[in-house]
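In: how would this look folded up:
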Amino acid sequence: MDLHFGDSKPTDEERAAVDALLGPPQSSWEGADRTDADLRWARGGREARDRRDLLLPGLHALNDRVGWISEGALDYLCRRLTVPPAEAYGVATFYAMFSVRPRPATVLHVCTDLACTAAGAAGLCAGVEARLGAGSGVAVERSPCLGLCERAPAALAIRAGDPVRTAVSAPSAVEAAVLAATAPDSAPQEPPAALAVPQAGDPSLTLLRRVGVVDPSSLDDYRAHGGYAALRRAFALGPAGVIREVTDSGLVGRGGAAFPTGRKWQATASQPDRPHHLVCNADESEPGTFKDRVIMEGDPYALVEAMTIAAYAIGAHTGYLYLRGEYPRAIHRMQYAVDQARARGLLGDDVLGQGFAFDIEIRRGAGAYICGEETALFNSIEGFRGEPRSKPPFPVEKGLFGKPTAENNVETLVNVLPILTMGAPAYAAIGTARSTGPKLYCVSGSVERPGVYELPFGATLGELLERAGVRPGLRAVLLGGAAGGFVRPDELGIPLTFEGTREAGTTLGSGVVMAFDDTVPLPRLLLRIAEFFRDESCGQCVPCRVGTVRQEEALRRIADRAGAAAADDIALLREVGRAMRDASICGLGQTAWNAVESAIDRLGAYA
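Out: Residues are numbered from 1 along each chain as shown. Presented below is the predicted three-dimensional model:
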């Protein structure tokens, strides 16, 4: 490998940020302050390359400490990991939260996605940008969904330093957002996670029963409310018994694909290649989705226990929790929970004295919707650009680091706990025959009580919106987020099951339910969806890379015309949409046309 480094040098602060993660350099090749006889050969290159997965944490370390990533800092990190700078530059520029150009140490991310747009994000952005102009020491960036949809409009301030400081303002006004950016330590504290759960404290809840009831920082409180009973039963059943229970329960993935969880675990466990890996996908970047954040903030030990059970079932000894970089409180809560579990013998070399070794590493994302796709997530962890891989081979055969891997999202994993405590038959009795168990729904938009709701599969859309208090003048409901579809107000009888929504010509997706009344301009929402997919396309395949741009262009032209004058562009949208759906590598391109198509066909948009 031929590595070409530039002449730029890291500052002392940048060097310290990298060394805090990787330890002090061992040779002049790595940047040590002593002279070796010959620098023409890298020393320890193989060992360094084995640490390539630390590239993303290294970029975070620099961005956290300084606020951006200079050429000298990138070169120094690349020397330490024996990564070609050109490749590292490609990784650094892939993520929205990083910058390779100088910018202020404080960045204020103002959400402009669907729920926030409907709640007045445009006015918030304009006001904040007017107040924090040049010379304010704050960079204002318009951001995709921050996962705070129940408190829209939202803003997140990040101030680089040692330590990095964050402040959330939601629901936000201009003054509150400016305060968060200029004095994050003085900004109001975030409300407890329980306020995002209108049903909090309801004894009939299954997945959310501890949110608002237990102290999320207390392992003892968690155990006093039934924590770790499921893991003890898992050890009694054995790995095969756990997989059998999960299979018999009918649990399917809650991220949108609805693949049977037991089959995925069995396929991974049966692979002879070792080691096996477990990955928890907590990168819920779908606009309108925030259920996983609420679980991690309100009941973090439940996820630690669920990951331990999953790892035991598939024979994995290392688990990776890939968590959104836009979730600072969830990151803090989960890191604390992992540390406490490790200190108490619930993670480590001998979990609960059963001779099973398992530990969890937390990896932060950095603002890339595509990393919600499982193989793109694997590439991100490994230190490459977060681009999807072609399948086959499938992750259960060759996943993370080329080894058999089971990947599940947060909601899917925490469903394993009631399966083991109540038994598969009792769990399968909840919901319907083909959609078993409880489901979490992220309700936002034109409702009185936005938040995360837990209902058994089979409840209707109307019943859910009645609980949330839908406002008068309902015009449309978006199911499944930006990758989902719109339904009309006269379709609220749709049963919220995978098969029910499919028969109705829409999708349940990850559980997004976003209501819009007649005050919300539908064409602006559709254009925002198109902008979102254009920005988030990784650009790897032509149908998505070109199609998302053409889709946005057509919608902009249609916005200036109406009726028959827009017919040609609507025909073009259909052609582009079919091409993206049929030929894109991954779900981003395959679903980028869904919401626009449903708005045209079901709502009569642009008629």
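In: in the stretch 351-500 of the chain, which spans are helices?
Out: Along the stretch 351-500 of the chain, counting by DSSP state H, counting those that start in this stretch, helices occupy 374-382, 410-414, 416-422, 424-428, 461-468, 498-503.
In: those helices: lowest mean pLDDT?
Out: Per-stretch mean pLDDT for the helices of the stretch 351-500 of the chain is lowest at helix 498-503 (a mean of 92).
In: and that one, what's buried?
Out: Residues 498, 500-501 are the ones in helix 498-503 that count as buried (16 or more other C-beta atoms under 10 Å). Where C-beta positions appear, they are placed from N, C-alpha and C, glycine not excepted.
In: over to stretch 330-339?
Out: The neighbour-count check on stretch 330-339 (16+ other C-beta under 10 Å) flags 330-331, 333-334, 337-338 as buried.
In: so what touches stretch 335-353?
Out: Here stretch 335-353 makes contact (C-beta atoms under 8 Å, 6 or more residues apart in numbering) with 216-217, 219, 228, 231-232, 235, 300-301, 303-305, 308, 312, 321, 356-360, 362.
In: list the buried residues for it?
Out: Buried residues in stretch 335-353, counted by 16+ other C-beta under 10 Å: 337-338, 340-341, 346-347, 351-352.
In: out of those residues, who's nearest residue 273?
Out: Checking the buried residues of stretch 335-353 against residue 273 by C-beta to C-beta gives residue 351 as the nearest, at 23.4 Å.
In: rounded mean pLDDT for the longest helix along the chain, please.
Out: Identified as the longest helix of the chain according to DSSP state H is helix 229-249. Here helix 229-249 scores 98 as its mean pLDDT.
In: that helix: how far from the chain's middle?
Out: Offset of helix 229-249 from its chain centre (C-alpha atoms, centre = their mean, to the nearest Å): 27 Å.
In: check which residues of it are buried.
Out: Using 16+ other C-beta under 10 Å as the test for burial, helix 229-249 gives 230-231, 233-235, 237, 239, 242-249.
In: for stretch 537-548, same thing?
Out: 537-538, 540-541, 543-548.
In: again, but for stretch 175-184
Out: Applying 16+ other C-beta under 10 Å to stretch 175-184 flags 176-182, 184 as buried.
In: that's a helix at residue 216, yeah?
Out: No - according to DSSP: H, G, I helix; E, B strand; the rest coil, residue 216 belongs to no helix; its state is coil.
In: hang on, it packs against residue 294?
Out: No - using C-beta atoms under 8 Å, residue 216 is not in contact with residue 294, being 10.7 Å away.
In: identify the contacts common to these two.
Out: Counting by C-beta under 8 Å, 6+ apart, the shared contacts of residue 216 and residue 294 are residue 193.
In: from residue 437, how far off is residue 499?
Out: In this view, residue 499 and residue 437 are 14 Å apart by C-beta to C-beta, to the nearest Å.
In: just the pLDDT for residue 187.
Out: Per the predicted model, pLDDT is 84 at residue 187.
In: distance check, it against residue 418.
Out: Counting by C-beta to C-beta - residue 187 and residue 418 are separated by 37 Å.
In: kindly report the same for residue 79.
Out: Residue 79 sits 49 Å away from residue 418, going by C-beta to C-beta.
In: which residue ranges form the strands in the stretch 201-350 of the chain?
Out: 276-282, 316-323 (DSSP state E, counting those that start in this stretch).
In: looking at these, which is buried most?
Out: Using mean count of other C-beta atoms under 10 Å, the stretch among those with the largest mean neighbour count is strand 276-282, at a mean of 26.
In: direction included, what does it pair up with?
Out: The strands beside strand 276-282 in its sheet (DSSP bridges) come out as strand 316-323 (parallel), strand 405-409 (parallel).
In: what angle sits between it and helix 374-382?
Out: Relative orientation of strand 276-282 and helix 374-382, computed by axes from the mean of the first three to the mean of the last three C-alpha atoms, to 10 degrees: 100 degrees.
In: quick one: pLDDT of the residue nearest to residue 364 when sequence neighbours are not counted?
Out: Residue nearest to residue 364 in three dimensions, not counting chain neighbours: residue 325, with 4.8 Å by C-beta to C-beta, 6 or more residues apart in numbering. On pLDDT, residue 325 comes in at 96.
In: circling back to that earlier point, among the strands paired with strand 276-282, which comes closest to residue 255?
Out: Here strand 405-409 is closest among the strands paired with strand 276-282 (C-beta to C-beta), at 4.3 Å.
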